[in-house]
Every structure is written in C-alpha cells, then in structure tokens.
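Q: Next come a sequence and a model predicted from it.
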Amino acid sequence: MKDIYILGIESSCDDTSAAVLRNGVLLSNVTASQAVHEAYGGVVPELASRAHQQNIVPVVDQALKRAGIEKEQLSAVAFTRGPGLMGSLLVGVSFAKGFARALGVPMIDVNHLQGHVLAHFIRESDDNHDQPHFPFLCLLVSGGNSQIVKVNAYNDMEILGQTIDDAAGEAIDKCSKVMGLGYPGGPIIDKLARQGNAEAYQFAKPQIKGYDYSFSGLKTSFLYSLRDWMKDDPDFVEHHKEDLAASLEKTIVDILMKKLKMAVKDTGIKEVAVAGGVSANNGLRQAYRDYAKRYGWKIFIPKFSYTTDNAAMIAITGYFKYLDGDFCSIDAPAFARMENK
Ligand code: KG4
C-alpha cells in the first residue's frame, strides 16, 4: 500500500508549527515560538500574525527536511482552522490551502481543541504505545479553554462542562502578571510552586453548578489579597513568591480535579486524559497520579512537547480525517470562536 504522508500546520496563537507524519507515525515536528510578546505580558495579535508570516515558510521547509521527504510526496495538508486569533489563523490557513492546491492534494481542516485531545494518539515510532480507549474523559486546559470532554471516538466529542469566564491558563497568566513575573506565567508559577508551601494562603473557590468552571473570582480574590498584604509589606511578593505560587497552583488544581472527579463518578468512565498547555503543570500531573492511585483511574498524560500548541496534534487529527475521506473545500473560512464555526 502507498505510504500516507500528512503535513500538519498550526498557527492559532503565538507558535508557528509544522509536522509530518508517515502512516500516522511522527517524522518531524518543528515549532517557532514568538519571544516578541514577552515585553507586553501577553500575546499581541498583530505582532503574532506578522511573526507567523515570517516563520511559516522556514518552519514548513524544516519539517519536510527533518522528515526526509520532498513536498511532492505529501498526501494531504492539514491545518488549524480555529478557534484562535483570527490574524494568526489566517496565515496558516492561507498557506496550507495554497500549498495543498499547488501540490494538487486534499486539504483537511482541523479544530484546534480536537487536536489537543487527539495529541494522545501521536506515535513517535511503529511501536504501539499506551493509548486511551473510547470512550474516555479528557480535561482540556489551555490559555483559552478549560473543558471536560467525553471522547466517544476520534471524530465524536461531547463537552460535558467548560469555563463560563476565564480559562485556567489565563487565570495563571493574569495572576503571574499581577505578581510582576514574566509571560507566560504558567511555567514560572510551576517552577516557583515546587519550592513553596501550598497551604500558606487560601483563595476563593467558585461555587458553580454541574461540570462548568469559573476562574474570574479566583483572579480577583488573588489580586485583592495581594493588595492588602502589600499595604504592610510592599515587597510581599518578593518575600513570599514561592508560597503564593504554590497556593495559587493548588487552588486551581483543586478546582479542576473536583469537577473532573464528579464527571468520572457520574459517567463511570475511568480512563482519564489531560491535554492543553496547562497539562504541562507538575502540580496537575501529580494530582492525576494521586487520583489514579486513590480512585483507580487509568490516566493519560501527554509528553511535555505535545501539551502546548504543536503541529503534531494537528497532523494526527488530519491523518484520522484523511482515513475517513473527510476533506474541506478551499472556501472553508478560519473561525476565531467555536460559535462562529
Ligand atoms: O495550549 P496552549 O499552548 O495554548 C492555548 O491554546 O491556549 O496553552 C498555553 C497556556 C498558557 O496559559 C500557559 O501559561 C500555560 O498554558 N502553561 C502552564 C504551564 N506551561 C504552560 N500552566 C501551568 N504550568 C505549566 N507548566
């Protein structure tokens, strides 16, 4: 049988990434991250799309070179169609469509969130690694989303609950900004938290019904507490940053795990995965391991490189869609939000 080569392209936020798969096995995954946003404490959309324009050709070129293939060997081009920043998406979407059309191969549109969930199916070799069985639950936590997803099949996912305001990653990034730490805050808070006391401070936990989340109250509680403490000690953050980070991280992990535990209990599904940028967090990973031990969950935690935005997850989702013959037309537009799809 002829080999199937899929090129995946991801450009939904501030990472330009391209990956190549052969028959579902990853050959290359190249990502150019954008340092330009650090000075602003957050992603500046206009700067992001300009950086994508500069990066996209070299990144795709590198991905093909590292995979050891010529572009003419590609069977299809998969790309993130949304959700994400419109200007950023447009760069990847336009490039992917043009590239696929020039090569005369199908184009495959991929939902970024579906990609995060299917990152669990990325294989780096022909060996079968431990993959979740359908149906499984996936906690999808990133800078833009916090959801509990019931995954019935590659192409059938149900959102059981989601944030009604800020995402978990967004809350971490904003609290880190208030503390005067760098951007993105997630990895910095994670590092500091490892040296702090998670019981040192208490912050507000939301009381939301069902499986939905809310993180805006926590953010406000963190800000007001900090303001009060700084009245007595202007260098409070510097003196207590490890304990602050550990307490903040624990509060967020507790909120995430409480709802997830409820979903596991109600659905009876004990295969539980985690995905998205925040799944790189060591406190959350440890909580997963603890819950697995305590409640008999079978857990799936992705490799660090597949937690934050990457094209390997877009390519694997594209591969499954390719096998289904699920292609898109050249006029399929990018979408910034799920409801605009
Ligand atoms: O999935 P992702 O790369 O982009 C989105 O699609 O949003 O997630 C980025 C988010 C940021 O909020 C970042 O601070 C957070 O993931 N993050 C972390 C860690 N690494 C990245 N949060 C906590 N601990 C980490 N180690």
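A: Nice, thanks for sending it over.
Q: which residues of the stretch 101-250 of the chain fall in helices?
A: If DSSP state H, counting those that start in this stretch is used as the criterion, the helices of the stretch 101-250 of the chain fall at 112-118, 168-178, 185-193, 216-232, 236-267.
Q: Now do the third one against helix 168-178, angle only.
A: Same thing as helix 185-193. 70 degrees (axes from the mean of the first three to the mean of the last three CA atoms, to 10 degrees).
Q: in which helix or strand would I find residue 53?
A: Secondary structure from DSSP states H and E places residue 53 in helix 45-67.
Q: Relative to the helix or strand just after that helix, what are the paired strands and their orientations?
A: Toward the C-terminus, helix 45-67 is succeeded by strand 76-82 as the next helix or strand (DSSP H and E). Strands flanking strand 76-82 in the sheet, each with its direction: strand 5-10 (parallel), strand 107-111 (parallel) (DSSP bridges).
Q: Just give me the neighbour total for the nearest residue to residue 77 once chain neighbours are set aside.
A: Counting by CB to CB, 6 or more residues apart in numbering, the nearest residue to residue 77 once its immediate chain neighbours are dropped is residue 100, at 4.0 Å. (Each C-beta comes from the backbone N, C-alpha and C, glycine too.) The burial count assigned to residue 100 is 23, neighbours taken as other CB atoms under 10 Å.
Q: if I pick the residue nearest the centre of the chain, what's in contact with it?
A: Central residue of the chain (CA atoms, centre = their mean): residue 276, 2.6 Å from the mean position. Contact analysis of residue 276 by CB atoms under 8 Å, 6 or more residues apart in numbering lists 116, 140-142, 145, 169, 307.
Q: Residue 7 now?
A: For residue 7, the contact set (CB under 8 Å, 6+ apart) comprises 18-20, 60, 63-64, 74, 76-78, 99, 315.
Q: give me that answer again for 7 Å
A: By CB atoms under 7 Å, 6 or more residues apart in numbering, the residues touching residue 7 are 18, 20, 74, 77-78, 315.
Q: State the pLDDT value of it.
A: Turning to residue 7, the model gives it a pLDDT of 98.
Q: For it, name its beta-bridge partners.
A: In this structure, residue 7 has the following beta-bridge partners (DSSP bridges): residue 20, residue 77.
Q: Could you list the low-confidence segments of the stretch 1-150 of the chain?
A: 128 (pLDDT under 70).
Q: Please list which of the contacts of residue 276 also come close to the ligand.
A: The overlap between these and the neighbourhood of the ligand (criterion: CB under 6 Å from any ligand atom) consists of 142, 169.
Q: Leaving out the residues flanking it, which one is nearest to residue 241?
A: Nearest to residue 241 is residue 192, by CB to CB, 6+ apart, at 5.6 Å.
Q: quick one: that neighbour and the ligand, what's the gap?
A: As for residue 192, its distance to the ligand is 11 Å (criterion: CB to the nearest ligand atom, to the nearest Å).
Q: hmm, back to that, which of the helices of the stretch 101-250 of the chain is buried the deepest?
A: By mean neighbour count, with neighbours taken as mean count of other CB atoms under 10 Å, helix 112-118 ranks first of the helices of the stretch 101-250 of the chain at a mean of 26.
Q: packing partners for that helix?
A: When contacts are defined as 3 or more CB pairs under 7 Å, 6 or more residues apart in numbering; DSSP states H and E, helix 112-118 packs onto strand 76-82, strand 136-141, helix 312-324.
Q: Which positions in this structure make contact with the ligand?
A: Listed as neighbours of the ligand in the chain under the rule CB under 6 Å from any ligand atom: 13, 142-144, 169, 172-173, 184-187, 190, 276-278, 280-281, 308-309.
Q: Dump the contacts of residue 7 to TSV, plus neighbour count.
A: Converted to TSV, these look like this (neighbours: other CB atoms under 10 Å):
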residue	neighbour count
18	36
20	28
74	20
77	27
78	32
315	36
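Q: Make JSON lines from those residues and add distance to residue 178 to it.
A: Shown next, in JSON lines, are the contacts of residue 7 (distance: CB to CB, whole Å):
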{"residue": "18", "distance to residue 178": "35"}
{"residue": "20", "distance to residue 178": "41"}
{"residue": "74", "distance to residue 178": "46"}
{"residue": "77", "distance to residue 178": "41"}
{"residue": "78", "distance to residue 178": "38"}
{"residue": "315", "distance to residue 178": "37"}
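Q: Domain map for this structure?
A: Under automatic domain parsing, the residue ranges defining each domain of the chain are 5-128+306-323, 136-304.
Q: deepest of the ones you listed, which one?
A: Of these, the one with the most neighbours on average (mean count of other CB under 10 Å) is domain 5-128+306-323, at a mean of 21.
Q: tell me how far it is from the chain's mean position?
A: The offset between the C-alpha centroid of domain 5-128+306-323 and the centroid of the whole chain comes to 13 Å, using CA atoms, centre = their mean, to the nearest Å.
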